[in-house]
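# Sequence first, predicted coordinates after that:
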Number of protein chains: 2
Amino acid sequence: MVSETATEQRRPSRGERTRQALMNAALDQVDRKGSFSGLSLRQVARRAGVVPTAFYRHFPDMDALGLALVDSSFRALRQLMRETRRAGMPEKQVVRESVATYVRYVRANPRHFRFVVKERFSGSPAIRDAIRREIRLFVSELATDLSRFPLFDRISSDDLRMIAGLTVNNMTAVTEQILELPDDDQEEEVLVLREAEQQLRVILLGAMQWKSRE
Amino acid sequence: MVSETATEQRRPSRGERTRQALMNAALDQVDRKGSFSGLSLRQVARRAGVVPTAFYRHFPDMDALGLALVDSSFRALRQLMRETRRAGMPEKQVVRESVATYVRYVRANPRHFRFVVKERFSGSPAIRDAIRREIRLFVSELATDLSRFPLFDRISSDDLRMIAGLTVNNMTAVTEQILELPDDDQEEEVLVLREAEQQLRVILLGAMQWKSRE
DNA sequence: ATTACATGTCAACACCCGTACACAAAAGAT
DNA sequence: ATCTTTTGTGTACGGGTGTTGACATGTAAT
């Protein structure tokens, strides 16, 4: 008795479904056990409710699964960024609102972020590379976003990239702090959030004073 | 024919020597293979030139070895910091000199830093905790160092910690970039170094504008 | 209903793993 | 020189791993 009327979503094929099940299983295991690199193909298959050899129908090896996870993680993040950009900001509270939105998003999707944070440096070369590429791309997008603010008119695009990099470096660290927090600790979360705001404000102050060499 | 006259160093006991050999072997393997968490007790023992069961004479398990590595890594870093602090700085070029010293040090001890960077988020809980503790301690020390500059007179100690945290967050990211560089690429290294300088300068500018709430 | 393809299962393989135990060698103390 | 402690060796065990090839089942198209 599955109602198929309201949604225009097609029922995904069996293949798609277990492919997703495998990716989901991997994310779950990363939460439970240490890291993706430490997972075994068999564990993932088992949790996905599938026999080990079935794994190969969807991915040639664990590395490929990892790359798929990197992709889906950043795809979601990019969408958030696009939406936020489109919505615009109350001008006066860009910092507060941006930080709040981001932190809320991280807390809503802890598994993907945990995966990325953990594999960024300890994963296989292929996965590390993919993540690094995505982050570079993210910095670029942020730089062009910043260039739209009149505040930064006098800053060269190279320097804007540098400042965007600084921002992302710090937000990355904040992400990691948030993920280490216990799930329910609202109190600590507020502290981390406030510190992140202040740090961004310091960067903002510094950027406003910055004079690009001509 | 070992000359023992010049140095006052005692010949370390056999136990100490293989203990060191084990730690060394682990660091080497981290460089070669992916991460410490991915190493097996047997691999480490093999590379240290010792039978697997001998491992237990020195560490109860791999986690203990990891903790020992965390300790030795940060002990060295703290010493560098102490020396630098004692030496003082040419005032005018604090940023440039600090960054240069640090980067030189990272490049001189890549194995320890790589270990820390990789295990910081993907290691076992015990190791992650130890690293986090050390970094927090490092931030504190930096904050009190900063408090000695007249520039920061008007900043509360809480805010100084916040700024120190920002600095460390960014230098951490720089560390990671440097470690990803190929060993011989002087050119890229200069770029990373310059960007790091600029970023620290932005933070410095921002900090100078910062007014602590009373 | 038959055919073709996609997906999943089963059994087996050779390998590496952590660890327990009993024993041998080396180092240090008396 | 003898005894004790520390350190290293050899063997063995049960268990998890990735990957193989041949086979079964489901699913969609003709």
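Ah, there it is.
# Show me which residues of chain A sit near DNA strand D.
For chain A, the contact set with DNA strand D under CB under 7 Å from any atom of the strand comprises A:Ser13, A:Arg14, A:Ser40, A:Leu41, A:Arg42, A:Gln43, A:Pro52, A:Thr53, A:Tyr56, A:Asp61, A:Met62. Bear in mind the C-beta positions are built from the backbone N, C-alpha and C, glycine included.
# now do 6 Å
Contact residues (CB under 6 Å from any atom of the strand) of chain A with DNA strand D: A:Ser13, A:Arg14, A:Ser40, A:Leu41, A:Arg42, A:Gln43, A:Pro52, A:Thr53, A:Asp61.
# Distance of the fifth one relative to A:Ala48?
The span separating A:Arg42 from A:Ala48 equals 11 Å under the rule CB to CB, to the nearest Å.
# can you pull the contacts of the nearest residue to A:Asp158 once chain neighbours are set aside?
Taking CB to CB, 6 or more residues apart in numbering or on different chains as the measure, A:Asp158 lies nearest to A:Ser212, with 7.7 Å between them; neighbours along the chain are not counted. Counting by CB atoms under 8 Å, 6 or more residues apart in numbering or on different chains, A:Ser212 makes contact with A:Arg154, A:Ile155, A:Ser156, A:Asp158, A:Asp159.
# ok, now how distant is A:Arg114 from A:Asp28?
11 Å.
# These two: who's more crowded?
Neighbours per residue (other CB atoms under 10 Å in any protein chain shown) separate A:Arg114 from A:Asp28, with A:Arg114 holding more: 22 against 14.
# average pLDDT across the helix or strand the more buried one falls within?
A:Arg114 is located in helix A:110-122, with elements delineated by DSSP states H and E. When pLDDT is averaged over helix A:110-122, the result is 96.
# Now that helix: buried residues?
Taking 16 or more other CB atoms under 10 Å in any protein chain shown as the basis for neighbour counts, the residues of helix A:110-122 that come out buried are A:Arg111, A:His112, A:Phe113, A:Arg114, A:Phe115, A:Val116, A:Val117, A:Lys118, A:Glu119, A:Arg120, A:Phe121, A:Ser122.
# does the second one really touch A:Val70, like I thought?
Put plainly, it is A:His112. No: shown here, A:His112 and A:Val70 do not form a contact pair, counting by CB atoms under 8 Å, at 9.3 Å.
# between A:Arg42 and A:Ala48, who's got more neighbours?
Looking at A:Arg42 and A:Ala48 with other CB under 10 Å, you find the greater number of neighbours at A:Ala48, namely 22 against 12.
# dump the residue contacts of that one.
Under the criterion of CB under 8 Å, 6+ apart, the contact partners of A:Ala48 comprise A:Thr18, A:Ala21, A:Leu22, A:Asn24, A:Ala25.
# Now it, what are its backbone angles?
Backbone torsions for A:Ala48, taken as degrees, to the nearest 10, come to phi -80, psi 0.
# Quick one: low-confidence residue ranges for chain A.
In the predicted model, chain A carries pLDDT under 70 at residues A:1-11, A:14, A:214.
# distance of A:Gly165 from B:Leu191?
Distance check for A:Gly165 against B:Leu191: by CB to CB, it reads 12 Å.
# For the residue nearest to A:Asp158, grab phi and psi.
Taking degrees, to the nearest 10, you get phi -70, psi 140 for the backbone angles of A:Ser212.
# can stretch A:68-76 be found next to chain B?
No: for stretch A:68-76 and chain B, the contact criterion (CB under 8 Å from any CB of the partner chain) is not met; the two come no nearer than 14.5 Å.
# What are the buried residues along that stretch?
Result for stretch A:68-76 [16+ other CB under 10 Å]: buried residues A:Ala68, A:Leu69, A:Val70, A:Ser73, A:Phe74.
# Ok, stretch A:77-90 next?
Burial within stretch A:77-90, assessed by neighbour count using 16+ other CB under 10 Å, is assigned to A:Leu77, A:Met81, A:Thr84.
# and A:Gly34, what are its phi and psi?
Backbone torsions for A:Gly34, taken as degrees, to the nearest 10, come to phi -70, psi -70.
# which ones are touching it?
With contact set as CB under 8 Å, 6+ apart, A:Gly34 has these partners: A:Lys118, B:Ser37, B:Ser122, B:Gly123, B:Ser124.
# cool, A:Ser147 as well?
Residues touching A:Ser147, when contacts are defined by CB under 8 Å, 6+ apart, comprise A:Ser157, A:Leu160.
# any bit of the longest helix seen in chain A sitting next to DNA strand C?
The residue-count maximum for a helix in chain A (DSSP state H) belongs to helix A:62-87. No: under the criterion of CB under 6 Å from any atom of the strand, DNA strand C is not reached by helix A:62-87; the shortest gap measures 13.3 Å.
# and that helix, how far from the chain's centre?
Remark: helix A:62-87 is offset 6 Å from the chain centroid, using CA atoms, centre = their mean, to the nearest Å.
# Identify each buried residue in the helix or strand following it, please.
Moving toward the C-terminus from helix A:62-87, the next helix or strand (DSSP H and E) is helix A:94-108. The neighbour-count criterion (16+ other CB under 10 Å) identifies A:Val95, A:Arg96, A:Ser98, A:Val99, A:Thr101, A:Tyr102, A:Val103, A:Tyr105, A:Val106 as the buried residues of helix A:94-108.
# What is the nearest of those residues to B:Gln198?
Within the set of the buried residues of helix A:94-108, A:Val95 lies nearest B:Gln198; the separation is 21.0 Å, counting by CB to CB.
# what sits against that closest one?
Taking CB under 8 Å, 6+ apart, we find A:Val95 in contact with A:Glu197, A:Leu200, A:Arg201, A:Leu204.
# anything in the helix or strand in which A:Gln20 is found near chain B?
Following DSSP H and E, the helix or strand that holds A:Gln20 is helix A:14-32. No: applying CB under 8 Å from any CB, one finds helix A:14-32 separated from chain B by no less than 9.5 Å.
# what's the next helix or strand after that helix packed up against?
Next helix or strand after helix A:14-32 toward the C-terminus (DSSP H and E): helix A:41-47. Other helices and strands packing on helix A:41-47, by 3 or more CB pairs under 8 Å, 6 or more residues apart in numbering or on different chains; DSSP states H and E, are helix A:14-32, helix A:62-87.
# ok, and the closest non-adjacent residue to the residue in chain A positioned nearest to chain B?
Checking chain A residue by residue against chain B with CB to the nearest CB singles out A:Gly206 as nearest, at 3.1 Å. For A:Gly206, ignoring the flanking residues on the chain, the nearest one in space by CB to CB, 6+ apart is B:Gly206 at 3.1 Å.
# Might you report the residue contacts of that neighbour?
Taking CB under 8 Å, 6+ apart as the contact definition, B:Gly206 lies against A:Arg201, A:Val202, A:Ile203, A:Leu204, A:Leu205, A:Gly206, A:Ala207, A:Gln209.
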